[in-house]
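Engineer: generate a structure from the sequence data that follows.
(chains A, B, C and D)
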Number of protein chains: 4
Amino acid sequence: MAAGNTFASAELRLIARSAKPAGTVVDARGVRIGGHEVVIIAGPCAVESEAQLLSVARVVKAAGATVLRGGAFKPRSSPYSFRGLEQEGLRLLALARAETGLRVVTEVMDARQLPAVAACADILQVGSRNMQNFTLLEEVGRCRIPVLLKRGMSATLAEYLQAAEYIMAAGNEQVILCERGIRTFEPSTRNTLDLNAVPMLQRQTHLPVIVDPSHGTGHAWMVPRMACASVAAGADGLLIEVHCDPARALSDGANSLTPEEFALMVEQVAAVATAVGRSCLSGPPKP
Amino acid sequence: MAAGNTFASAELRLIARSAKPAGTVVDARGVRIGGHEVVIIAGPCAVESEAQLLSVARVVKAAGATVLRGGAFKPRSSPYSFRGLEQEGLRLLALARAETGLRVVTEVMDARQLPAVAACADILQVGSRNMQNFTLLEEVGRCRIPVLLKRGMSATLAEYLQAAEYIMAAGNEQVILCERGIRTFEPSTRNTLDLNAVPMLQRQTHLPVIVDPSHGTGHAWMVPRMACASVAAGADGLLIEVHCDPARALSDGANSLTPEEFALMVEQVAAVATAVGRSCLSGPPKP
Amino acid sequence: MAAGNTFASAELRLIARSAKPAGTVVDARGVRIGGHEVVIIAGPCAVESEAQLLSVARVVKAAGATVLRGGAFKPRSSPYSFRGLEQEGLRLLALARAETGLRVVTEVMDARQLPAVAACADILQVGSRNMQNFTLLEEVGRCRIPVLLKRGMSATLAEYLQAAEYIMAAGNEQVILCERGIRTFEPSTRNTLDLNAVPMLQRQTHLPVIVDPSHGTGHAWMVPRMACASVAAGADGLLIEVHCDPARALSDGANSLTPEEFALMVEQVAAVATAVGRSCLSGPPKP
Amino acid sequence: MAAGNTFASAELRLIARSAKPAGTVVDARGVRIGGHEVVIIAGPCAVESEAQLLSVARVVKAAGATVLRGGAFKPRSSPYSFRGLEQEGLRLLALARAETGLRVVTEVMDARQLPAVAACADILQVGSRNMQNFTLLEEVGRCRIPVLLKRGMSATLAEYLQAAEYIMAAGNEQVILCERGIRTFEPSTRNTLDLNAVPMLQRQTHLPVIVDPSHGTGHAWMVPRMACASVAAGADGLLIEVHCDPARALSDGANSLTPEEFALMVEQVAAVATAVGRSCLSGPPKP
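Structural biologist: As a prediction, this is how the structure comes out:
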């Protein structure tokens, strides 16, 4: 099926590549996403404690990350799972940001959490399960902070772009797209990381496109290779789960790299970035 | 793969069949869903006007429906599509309810809409796109009105049951499950209606299970046959889109039955219900 | 997506409904498939021994089946699994046919097996894994025996119809279509039985359409309900696995009904057939 | 789901990584696949004429390919499509091989074609649609020529490995695996190239793994990026469609690179190979 036809049925006005052929560079307090440099975002799945968060923040910064990820509000399939430290998690993210200078991305699940999250985040994350939570899309669209919108796990690319269009139509043009694995019949990986999405999204839209190989595969041992593949496919950034003690992580330990594995991965990714004519941004700029 | 194993990994406490072997009968102001009688819910995709809604309400009641469906808040893939009459839509639903005695089910997309929706609805619908909007699940879980939770279009049955568990864990045990088609590789139908889900959900849980063949197929001509198949598979009810002038419907016209087609479908469904040892509830009881 | 468009891109000449609006009735030595009567095909997954096959043949005939199924050549995912009795299996099928008068359907996996299989079968089965084995399709297309072509487990309906067109283009117009479950992300059932396929195939083509709920679900306890649903959806026949001792079956025991379960299922199916204006063919006619 | 569990249910004896931890290097008349060097296989989808094949063969060799691909027997969804030049196609492949020294890979669809195909091919290709054509797998397993087995378009990796096990169990250990895109719900690409499969297959098995981004995406403009991503993910080779005049190709023109695009892609791929510690084999060795 021709790609043109597929997207033609979606109403893409603000987001279409033709609306801004040069491409959008999102600015997260001085960290530029979508330019020549590949940006590495790293951190734990969930914020668990001050010691856990600060130790991870220091090691990912030392290895070259520029943005810290970490969930304070965690969407979990079961109501009985750990759902994050909530307000306390936000406080710890603000602390880690102040100490390391790393920018912070964290998830917002509900419009009512927005003021608190926006006060400590440099980028608001809207998760896969909320990709078509249209009231939330409009609310983050009214914010003046960049939004990282994850692809729904079975969203077509046309639907995904329409969801991003909601944010832009509400007034926020600082949107980062993120492929994080789709649902297929294959059981050996948690999801099927769809790297086709990288060039296709970049052709259809002017927004930066990053990749999350941690959720996309569900296996820490696969992450470095798929991170390299993502950058070779043209990704503008990576979102990587890192934990100082993955076996004791409260969520997603199986996905998480150790600090040593992460540092090695950054070196490999930098070499691939160079091979495809780009470079890796190394560490956060002064605020 | 053994079904037992699949569900074993999900934490199903309140919802498991073993928790209530006799099954739950949901009571929507006197309309019982999950008992011996098959319940037919029908109406337009969206509330469009007083004339449109009242004319459909009258014809579906005359044909045997007991609950009126109709969207006031419409989740739409594109921000530029018609998104419903909102408050005015709720007012019209209350009007139709008062006139016909039909119970009303309508969608709530956001916690902030809940008070207004709960004031005019007998059943709160949580749509497919919000199946894992966990903050919304908890809010409807705090209501004292039954909830119709639609299966996400690529949710596994284990995930679906965990989402329903969220509602129950928050205190609301009046939950109706609804299969509405899943996403597969097949392009000739809008979704693939998964009737396997009916017996599987009924084995795993004690909640009533209904089917929406209108969204599940996307083709009005297929709806009567799939409605009959749903009841033969054991469905406790049907959710059917009806419009007096499908060609001019503001949304989902291609799915919608005309009043004549609907009346004929109800007869066929009643015959199948009898064949499998059940009957069809015909028209709303006195409030 | 409109169904018309989907099928328009496929070249359907001989198979299109428009080529034979009245529909094809396939004749398997006097057993008519595709007419008013629903045909029940039943038997074991694999032919295991003379005692096993004859005992099953007798009970399925007594319960109302008209065609006996049983694999002599078995396609198996692993090279180390039981692959059938081969020539000896064919001999036993011929024996069961002679004793009971049941017609016989059995699978052919390779053109070189065709003469032997055609000598003892009334219907040649081409399995899901061979749906696009185009050289085999052409060979069975040159035979003068009806062909039961199973849908590939991830074949679109357009591809499926093109595969059937291969058989017809080679000269054999006696083709029976069979939905047997598709591959989706859902792990609790072996496949997802796609009953949408029944009305859609019957609208697009003039060939009879039957359903195999045994492979389509993978759970014996689901088979009776899905068999009823299949007939309510308009199926012209059913393909059911039955074994006198499912726990000891050499393959697919988890799918297989006991004789008692099968007899009960036939009664339920007959009631549903009546409800939708058809009837069940009961037992084989005199040859 | 843990990968170990997924594969544990499959019987993998000869193919398991543990059976040959050092890995298999397949030898196609001196071209080694699975070693340090990445191998590029290129050519037209179908052999169309002497002029077409020889001109493509010369340009892909000049750009660095070592193996020529080209279909003489073409599996096509419709019986009315061009199905290849058959014997004449094989003759032309032999001619191109003699002139250029490129090794040749071409598809075999049926056991009866094997002697003719084996006479002119250095590698036998078994296509996606025949991945579970078990009689064909056994026949190529009895040959003494390497086999390139493409993944079925909806085969799980466990099924794929079991299919390769069939070939090895029949005596042929020279098997090359090839990811070529899987079937998902996404319509903008012809298939979804599953690069997760590369590290997962290499962990589970000792066989070389190559990638076909031409079929995997269906868009020529995406091929260079996905080729780079494949090598970054660890692929041992690439299978690329090239045509001197894609707009006039008899099949798959939309996938095919021009000679200029192909030459540029080879340079980019070589840079990525270096970045991940490998190199590209450039041109065929002396026979």
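Engineer: touching the lengthiest strand in chain A from outside, list them.
Structural biologist: Ranked by residue count and defined by DSSP state E, the top strand of chain A is strand A:37-43. Outside strand A:37-43, the residues within contact range by CB atoms under 8 Å, 6 or more residues apart in numbering or on different chains are A:31-33, A:53, A:56-57, A:60, A:63-70, A:105, A:210, A:231, A:235-242, A:262, A:266, A:269, A:273, A:278-281. From N, CA and C alone the C-beta is placed, and that goes for glycine too.
Engineer: of the residues you listed, select the buried ones using a PyMOL command.
Structural biologist: Listed next is the PyMOL selection for buried residues among the contacts of strand A:37-43, using 16 or more other CB atoms under 10 Å in any protein chain shown:
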select buried, chain A and resi 31+32+33+53+56+57+60+63+64+65+66+67+68+69+70+105+210+231+235+236+237+238+239+240+241+242+262+266+269+273+278+280+281
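Engineer: filter the contacts of strand A:37-43 down to just the ones in helices.
Structural biologist: A:Leu53, A:Val56, A:Ala57, A:Val60, A:Ala63, A:Val231, A:Phe262, A:Val266, A:Val269, A:Ala273 (DSSP state H).
Engineer: any idea how far the most centrally placed residue in chain A is from chain B?
Structural biologist: In chain A, the centroid-proximal residue (CA atoms, centre = their mean) is A:Leu239; its distance is 4.9 Å. A:Leu239 sits 20 Å away from chain B, going by CB to the nearest CB, to the nearest Å.
Engineer: just list whatever residues bridge to that residue.
Structural biologist: With DSSP bridges applied, A:Leu239 shows beta-bridge pairing to A:Ile41.
Engineer: check what pLDDT A:Asn5 gets.
Structural biologist: Here the pLDDT value assigned to A:Asn5 is 62.
Engineer: give the helix, strand or coil label for A:Leu177.
Structural biologist: Following DSSP: H, G, I helix; E, B strand; the rest coil, A:Leu177 is assigned to strand.
Engineer: number of nearby residues for it?
Structural biologist: Counted by other CB atoms under 10 Å in any protein chain shown, the residues lying close to A:Leu177 total 27.
Engineer: tell me the contacts of it?
Structural biologist: A:Leu149, A:Arg151, A:Tyr160, A:Ala164, A:Leu201, A:Thr205, A:Leu207, A:Pro208, A:Val209, A:Ile210.
Engineer: quick check: the fifth one vs D:Ala235, distance?
Structural biologist: Same thing as A:Leu201. Distance, A:Leu201 to D:Ala235, using CB to CB, to the nearest Å: 23 Å.
Engineer: where exactly do the helices run in the stretch 101-250 of chain A?
Structural biologist: A:114-120, A:134-141, A:157-169, A:197-204, A:213-217, A:223-232 (DSSP state H, counting those that start in this stretch).
Engineer: on that earlier part again, show me the contacts for the residue nearest to the centre of chain A.
Structural biologist: Contacts of A:Leu239 (CB under 8 Å, 6+ apart): A:Ile41, A:Ala42, A:Arg69, A:Leu148, A:Cys178, A:Arg180, A:Ile210, A:Val211, A:Asp212, A:Ser214.
Engineer: where does it land on pLDDT?
Structural biologist: 98.
Engineer: against A:Leu68, how distant is it?
Structural biologist: Taking CB to CB, one finds A:Leu239 at 11 Å from A:Leu68.
Engineer: near chain B, which residues of the stretch 51-200 of chain A? Just list them.
Structural biologist: A:75-81, A:109-112, A:129-130, A:132-136, A:153-154, A:159, A:162-163, A:165-166, A:169-170, A:183 (CB under 8 Å from any CB of the partner chain).
Engineer: and these, which are buried?
Structural biologist: A:75-79, A:109-111, A:129-130, A:132-136, A:153-154, A:159, A:162-163, A:165-166, A:169, A:183.
Engineer: can you get me a residue count around A:His58?
Structural biologist: If you look again at residue A:58, you'll see it is Arg, not His. A:Arg58 has 16 neighbouring residues, counting by other CB under 10 Å.
Engineer: quick check: angle from the longest strand of chain A to strand A:175-179?
Structural biologist: 70 degrees (axes from the mean of the first three to the mean of the last three CA atoms, to 10 degrees).
Engineer: relative orientation of strand A:37-43 and helix A:223-232 in degrees?
Structural biologist: 150 degrees.
Engineer: avg pLDDT for strand A:37-43?
Structural biologist: 98.
Engineer: what do you get for stretch A:242-255?
Structural biologist: Rounded mean pLDDT across stretch A:242-255 is 91.
Engineer: ok, and for that stretch, which residues are buried?
Structural biologist: A:Val242, A:His243, A:Cys244, A:Pro246, A:Ala249, A:Leu250, A:Ser251, A:Asp252, A:Gly253, A:Ala254, A:Asn255.
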